[in-house]
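Student: Fold the following, please.
(chains A and B)
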Amino acid sequence: MIIELTQAGSDLSLNPINRWVWVFPVVESIHICGFALLVGSIAILDLRLSDLVLTRQSTAQLANLLAPWIYLGLAAQFITGPYLFSSSPHDYLHNPSFRMKMMFLAAALLFHFTAVRGAARTPQPLAPAWRRFVAFVSMGLWVCVILGGLGIGFWSVND
Amino acid sequence: MSFHDAVQWLAETQVSTALREDPYPYPVLGTIHVLSIALFGGMIAMGNLRVLGYAMRDVPVSQVIDQFRPWKWTGFAMLAASGLLLTLSEPLDCYESIFFWISLVLLVLVGINAWIFHAGIYRRVADWDTAQIAPAPARRWAWISLTLWIALVFAGRLIAFA
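Tutor: Prediction:
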């Protein structure tokens, strides 16, 4: 098993994702479910910051209630994502859409754990306009991550 | 005219050809489709997880279900419209894909399941609104709902595969 996995690192054709055609779409389906959990939970928090849902709960309370699901979604993405990447690392690294996706992912995560969390948990209430602005930027960044992900398939030309 | 002939005819219409051959429709429709999965799927999942007593226990069930409803319908409308157009772009591939037909069956099942919830146990939600874990029939419903939706994501993704 370990020998096989080590070899899989050097010979891509031994990687299960390349040995059986159904592995990729199945792992990708898990990636989509994890994504719905991650971005869906963040969208709920962003909608709360914009005063559009669950206004009877404080933003801080909702941020705390959603945090475990955001972490679970992130865990699913950080397991399935790199595994999908391992199917052909070279192609992904040279894929402009993949690079864009990773850049926006870094920006979206950074923004989430600083600005979004900060806006939700700050002890001094923030002006509604500021909270909406933060929520809007957050959603915009995640939309760019999705766009990048979809774009990967359109740039599958090898170089 | 057989059903297959009708699908063939549909594939040759101007709309279908344009959706298939123009460079823009597919990425635009794909983006809308995936975006609505995040909005709609995330809220479905959170609603089910609340009923199961795993997520947002301190928020009454009816607040989660009722306040998410307009967003879920928005997401579902976007999901269905983009899905319909994606189907229209490749009618023959869909017709031949077993996973397309599985998706349709699952879609009908999630519809029936949602109706059972709203016509049944949810009408007496006032009795268990603040319960951290909902009564057994509601929990069963939530498990079925979660399973069907996850299966639908898999079936939908696999249409492009076989």
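Student: use CA for all of it now, contacts and neighbours both
Tutor: Noted.
Student: Provide the secondary structure category for A:Leu52.
Tutor: coil (DSSP: H, G, I helix; E, B strand; the rest coil).
Student: what are the phi and psi angles of it?
Tutor: Backbone torsions for A:Leu52, taken as degrees, to the nearest 10, come to phi -100, psi -20.
Student: Over to B:Gly156?
Tutor: In terms of degrees, to the nearest 10, the main-chain angles of B:Gly156 are phi -60, psi -40.
Student: Against A:Ile146, how distant is it?
Tutor: Distance, B:Gly156 to A:Ile146, by C-alpha to C-alpha, to the nearest Å: 17 Å.
Student: cool, and A:Pro96?
Tutor: Distance of A:Pro96 to A:Ile146, computed by C-alpha to C-alpha: 14 Å.
Student: of the two, who's got more company?
Tutor: Neighbours were tallied for A:Pro96 and for A:Ile146 using other C-alpha atoms under 10 Å in any protein chain shown; the higher tally belongs to A:Ile146 (21 against 15).
Student: so where does that one fall, helix or strand?
Tutor: helix A:128-152 (DSSP states H and E).
Student: Give me the pLDDT for residue 71.
Tutor: Answering for chain A, as no chain was given. pLDDT for A:Tyr71: 96.
Student: let's do chain B instead
Tutor: pLDDT, B:Trp71: 92.
Student: Now for it: which residues touch it?
Tutor: Counting by C-alpha atoms under 8 Å, 6 or more residues apart in numbering or on different chains, B:Trp71 touches B:39-40.
Student: Run a quick neighbour tally on A:Gln77.
Tutor: A count of neighbours around A:Gln77, defined by other C-alpha under 10 Å, yields 21.
Student: Surely A:Phe98 and A:Gly148 touch.
Tutor: Yes. With contact defined as C-alpha atoms under 8 Å, A:Phe98 counts as touching A:Gly148 (6.2 Å).
Student: Phi, psi for whichever residue of chain A sits closest to chain B please.
Tutor: Evaluated by C-alpha to the nearest C-alpha, chain A has A:Gly40 as its residue closest to chain B, separated by 3.7 Å. The phi and psi values for A:Gly40, taken as degrees, to the nearest 10, are phi -60, psi -50.
Student: One more: B:Ala134?
Tutor: Dihedral angles (degrees, to the nearest 10) for B:Ala134: phi -70, psi 160.
Student: Who are the contact partners of it?
Tutor: Contacts of B:Ala134 (C-alpha under 8 Å, 6+ apart): B:51-53, B:128.
Student: repeat for A:Ile32
Tutor: Contacts for A:Ile32 (C-alpha under 8 Å, 6+ apart) come out as B:Val153.
Student: Just want the angle from the host helix or strand of it to helix A:128-152.
Tutor: Taking DSSP H and E as the definition, A:Ile32 sits inside helix A:23-49. Between helix A:23-49 and helix A:128-152, the angle comes out at 170 degrees (axes from the mean of the first three to the mean of the last three C-alpha atoms, to 10 degrees).
Student: Going by neighbour count, list what's buried in helix A:23-49.
Tutor: A:24-49 (16 or more other C-alpha atoms under 10 Å in any protein chain shown).
Student: what's the angle between the next helix or strand after it and helix A:128-152?
Tutor: Counting by DSSP H and E, the next helix or strand C-terminal to helix A:23-49 is helix A:59-85. Computed with the same axes, to 10 degrees, the direction of helix A:59-85 lies at 10 degrees from that of helix A:128-152.
Student: Distance from helix A:59-85 to the middle of the chain?
Tutor: Relative to the mean C-alpha coordinate of its chain, helix A:59-85 is positioned 8 Å out (C-alpha atoms, centre = their mean, to the nearest Å).
Student: Many thanks, I have nothing further to ask.
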